[in-house]
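1. Let me see the structure of the following:
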Amino acid sequence: MRALQYTDRGRPEVVELPVPEIGADDVLVAARSVGVCHSDIDLLEGRYIIPFAYPLIPGHEWSGEVVAVGSAVTAFAPGDRVVGECVIGADHFGFSISGAAAEFFTAKASWLHRLPDELSWTMGALVEPFSVAYYALVRAGGVDASDTVAVLGAGPIGLAVTAAASAMGARTVVVEPSPERRAVAERLGAAHTVEPAGAEALLRELTGGRGADLVAEASGRPAVMASALELVAFQGRVAYIGIDVGQEAPAKLGLIQSKELRITGTIGSPGIWPETLRFLAGSGLDLSSLVTQRFPVEEALAALDTAHHPTPTTVKAHIEFTATR
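-> Below is the predicted model of the structure:
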């Protein structure tokens with residue numbers, strides 16, 4: 001089988017490997033669509049939030065079809081359309097455990113969920129980033145039509161937060177320097193978009209001087225993370241979603257107390273995938289426009305390069321293993 005493998009730091013290769021064997025509680029999956037995330041680039045460059053070792057196969061945003069199941073597996077059968085969780089206890093699939101960027105890969109049955117018929121293979125591979133956004137909103141206490149939500153950063157996760165919060169009824173304001181990404185945010189339901197320099201003035205205008213009820217920080221940039229404390233309302237909420245590994249920025253930490261803020265930080269989306277899948281199937285949200293480039297597995301290095309050096313119109317690259325519907 002062909003696979004994208006990180007053979008060492010900074011050394012990605014498309015390699016030929018044996019099809020993996022499965023144990024009693026394993027499922028053999030044929031990949032259909034696999035998303036490339038910026039954290040895949042961090043991993044390639046030797047950075048991640050938990051320990052890992054090369055060689056490994058990346059790929060934690062995926063959809064696939066069950067090919068075979070182990071003798072102890074009863075919940076799945078060949079032909080089932082599935083997606084799978086990334087954070088599994090102390091391990092992360094596609095990071096400390098080899099992932100889905102291969103024609104075939106193994107997963108434990110307990111990690112998997114059936115992909116609803118309403119969702120395409122492409123949408124299936126977007127479930128993981130959407131679940132991260134959905135989980136962050138749930139952990140922050142949820143939102144509804146009474147809330148003004150400021151989303152900082154319109155990368156794939158920030159755009160997923162925009163779609164989720166808008167579908168829940170909130171008024172979303174996306175803060176993003178790129179006009180191309182602001183345009184995508186508007187298509188996904190953002191009521192307003194603004195460059196960072198104008199964010200505070202716009203939020204005060206929209207809320208009668210109050211500020212955002214919830215600020216969802218999705219850029220992972222320390223200076224932007226610090227600015228969330230200034231944009232949020234008194235007794236408001238801040239949800240930190242974007243990942244930063246070891247950088248620093250000055251922040252007005254006294255605002256946490258003077259504004260009586262509730263702050264949550266999230267990583268991944270543990271325990272919420274069934275609810276996420278029901279939400280996507282029931283809401284009719286179509287996130288497929290987030291996928292701006294598609295590559296076959298033999299061009300997986302080009303997919304990595306696209307994610308590492310995006311153009312203004314790049315949002316998400318997918319590696320596809322068969323024709324998608």
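2. Find the nearest non-adjacent residue to His60, please.
-> Gly94 (3.2 Å; CB to CB, 6 or more residues apart in numbering). Bear in mind the C-beta positions are built from the backbone N, C-alpha and C, glycine included.
3. Hmm, Pro58 and that neighbour touching each other?
-> Yes - judged on CB atoms under 8 Å, Gly94 makes contact with Pro58 at a distance of 5.3 Å.
4. Now do the strands for the stretch 51-200 of the chain: every range, in order, please.
-> Along the stretch 51-200 of the chain, counting by DSSP state E, counting those that start in this stretch, strands occupy 61-69, 81-84, 87-88, 91-92, 104-108, 112-114, 148-152, 171-175, 192-194.
5. related to what we said a few turns ago, so if I had to pick from Gly94 and Pro58, which one is more boxed in?
-> Between Gly94 and Pro58, counted using other CB atoms under 10 Å, the more crowded position is Pro58 (29 against 26).
6. that older thread, residue contacts, the residue nearest to His60?
-> When contacts are counted by CB atoms under 8 Å, 6 or more residues apart in numbering, Gly94 is found next to Asp40, Ile57, Pro58, Gly59, His60, Cys86, Ala100, Ala101.
7. same check, this time on Ala197
-> Ala197 neighbours (CB under 8 Å, 6+ apart): none.
8. Pop the domain breakdown of this protein in here.
-> 2-126+287-320, 130-265 (automatic domain parsing).
9. Could I get these in TSV, plus columns for mean pLDDT and distance to Pro274?
-> Shown next, in TSV, are the domains of the chain (pLDDT from 0 to 100; distance: least, CB to CB, whole Å):
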stretch	mean pLDDT	distance to Pro274
domain 2-126+287-320	96	6
domain 130-265	97	10
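10. Can you lay out those as a markdown table showing distance to Ala281?
-> Converted to a markdown table, the domains of the chain look like this (distance: least, CB to CB, whole Å):
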| stretch | distance to Ala281 |
| --- | --- |
| domain 2-126+287-320 | 4 |
| domain 130-265 | 12 |
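11. Could I get the phi/psi values of Leu255?
-> When quoted as degrees, to the nearest 10, the phi and psi of Leu255 stand at phi -60, psi -30.
12. I'd like the secondary structure assignment at the nearest residue to it once chain neighbours are set aside, please.
-> Using CB to CB, 6+ apart and skipping the chain neighbours, the partner closest in space to Leu255 is Leu229 (4.3 Å). Following DSSP: H, G, I helix; E, B strand; the rest coil, Leu229 is assigned to helix.
13. any idea how far Leu229 is from Ala170?
-> Note on Leu229: its distance to Ala170, by CB to CB, to the nearest Å, is 20 Å.
14. More neighbours: those two, which one.
-> Ala170 (24 against 21).
15. Please list all residues in contact with that one.
-> Contacts of Ala170 (CB under 8 Å, 6+ apart): Val143, Asp144, Ala145, Asp147, Thr148, Val149, Leu214.
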